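Chemist: need a 3D model of the sequence below.
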Amino acid sequence: MAVILSKEPLLKNPDLIASWSGIGNIGLIAVDTLRGQVRAEEMGIIEPWEFFYPSKVTIRDGVIIDLMFPASKFSYQRLKNRDLLFFIGEEQPANGNQIYAEGMKAYQMANMVLDTAEKFGCRRIYTSGAAVALTHHTLKPRVWAVSSQEKLLGEIKKRENTILMGDAVGRGERGTITGLNGLLLGLARKRGLEAVCLMGEIPDYLSGAPFPYPRASKAVLEVLASILEIEVDYGALDEMENQVDGVISNIYNTLPAEVKDRIEQRKYIAQASAETITEEDENWLKEHIDEFFKKGGAGDEQPS
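Modeler: Modelled structure (predicted):
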């Protein structure tokens with residue numbers, strides 16, 4: 001179990017931008033899009049052997065020649081105004097039947113990412129994931145934000161379309177961020193590193209859908225690009241969003257009228273206040289939509 005670096009570039013106080021797969025792959029798509037936009041160069045991996053089972057076995061002439069594992073890759077880029085490190089994990093290491101990362105494997109992987117970040121002098125960590133919320137799939141997703149240090153809150157709040165997680169889940173209430181996107185934030189705090197988690201809203205009735213939610217990925221990327229002062233071309237994300245919107249619309253049109261009426265109320269609720277999921281509403285929708293969307297998702301924000 002080790003980090004294998006193919007390059008060790010000289011970087012000046014880089015920011016680390018990290019994400020793993022999760023609900024709607026919201027953070028993963030946002031971070032990978034940014035990585036591609038700045039043309040980051042691959043520089044290393046975390047060895048997969050003790051974290052994952054092979055996802056595929058390659059056979060030639062009846063002989064096994066290779067095992068394919070989910071990738072956990074580092075890359076970097078030097079920009080005019082800042083240097084960037086990226087970490088993207090195609091899958092979260094999980095124990096037993098859990099669908100999100102927890103336990104020793106998750107702790108080890110998160111620390112390996114932070115060890116590498118500190119090796120290159122990272123000054124700040126950004127992670128990204130999903131925020132399951134009482135919203136509607138035609139509305140622009142807001143971006144929920146959590147930081148490791150109170151001094152970062154002022155900087156976060158001034159960003160357009162951003163809301164602090166405490167404000168989103170309601171005064172006096174708390175939330176949790178499951179999986180590695182949240183664990184990395186907590187471990188960064190223990191190390192005294194500045195860290196911010198940006199979570200794009202996804203309607204709770206889509207949180208188990210077996211397809212991505214690029215509408216929220218774009219919202220996250222807009223905030224991240226603003227913070228990092230990077231110009232981004234959103235063309236590919238817009239195209240993906242249009243395709244997924246078509247899939248959602250087709251499924252939505254097959255729902256019973258009673259279910260659609262209940263969902264349509266979300267537009268007015270979301271516009272009127274920053275409400276989140278009520279237990280009654282969540283259970284009712286799950287009961288009526290499970291036949292259309294498979295249960296799934298891995299490690300993101302859930303109000304508690």
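
Chemist: quick check: which element contains Ala131?
Modeler: Taking DSSP states H and E as the definition, Ala131 sits inside strand 124-133.

Chemist: residue contacts, Pro48?
Modeler: 69-72 (C-beta atoms under 8 Å, 6 or more residues apart in numbering). C-beta here means a position set from N, CA and C on the backbone, and glycine is covered the same way.

Chemist: before we move on, the earlier item: in its sheet, what does the helix or strand that the strand holding Ala131 is followed by sit against?
Modeler: As assigned by DSSP H and E, the chain's next helix or strand after strand 124-133 is strand 143-147. Strand pairing for strand 143-147, determined by DSSP bridges: strand 162-164 (parallel), strand 194-203 (antiparallel).

Chemist: which of the ones you listed sits closest to Val259?
Modeler: Evaluated with C-beta to C-beta, these place strand 194-203 nearest to Val259, the distance being 12.7 Å.

Chemist: same list, the strands paired with strand 143-147, but as TSV with mean neighbour count, mean pLDDT and distance to Val57 please.
Modeler: Below are these laid out as TSV (neighbours: other C-beta atoms under 10 Å; pLDDT from 0 to 100; distance: least, C-beta to C-beta, whole Å):
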stretch	mean neighbour count	mean pLDDT	distance to Val57
strand 162-164	17	90	44
strand 194-203	28	94	34
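
Chemist: and Ser75, that's in a strand?
Modeler: Yes: assignment of Ser75 by DSSP: H, G, I helix; E, B strand; the rest coil places it within a strand.

Chemist: what sits closest to it if chain neighbours are left out?
Modeler: In this structure, Ser75 finds its nearest non-sequential neighbour in Ala40, 3.9 Å apart by C-beta to C-beta, 6 or more residues apart in numbering.

Chemist: tally of neighbours for the one you found?
Modeler: 21 (other C-beta atoms under 10 Å).

Chemist: look at it and report its pLDDT.
Modeler: At Ala40, the predicted lDDT confidence score is 97.

Chemist: what do you get for Glu282?
Modeler: At Glu282, pLDDT is 62.

Chemist: just Phe292 next, same as before
Modeler: 55.

Chemist: now do Leu187
Modeler: pLDDT, Leu187: 93.

Chemist: and the residue lying closest to it once chain neighbours are set aside, what element?
Modeler: Leaving out its chain neighbours, the residue that sits closest to Leu187 by C-beta to C-beta, 6+ apart is Ala110, at 5.2 Å. Taking DSSP H and E as the criterion, Ala110 maps to helix 103-119.

Chemist: got the strands paired with strand 143-147 as JSON lines, with distance to Leu224 columns?
Modeler: Below are the strands paired with strand 143-147 laid out as JSON lines (distance: least, C-beta to C-beta, whole Å):
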{"stretch": "strand 162-164", "distance to Leu224": "10"}
{"stretch": "strand 194-203", "distance to Leu224": "6"}
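
Chemist: with Thr127 as the reference, name the closest of those.
Modeler: Closest among these, using C-beta to C-beta: strand 194-203, at 4.7 Å.

Chemist: now do the next helix or strand after the closest one, average pLDDT.
Modeler: Counting by DSSP H and E, the element after strand 194-203 in chain order, helix or strand, is helix 214-228. Confidence for helix 214-228, expressed as mean pLDDT, is 96.

Chemist: now whatever helix or strand comes next after helix 214-228: how far from the chain's centre is it?
Modeler: Past helix 214-228, further along toward the C-terminus, the next helix or strand under DSSP H and E is helix 235-252. Relative to the chain's own centre, helix 235-252 is displaced by 19 Å; criterion: C-alpha atoms, centre = their mean, to the nearest Å.
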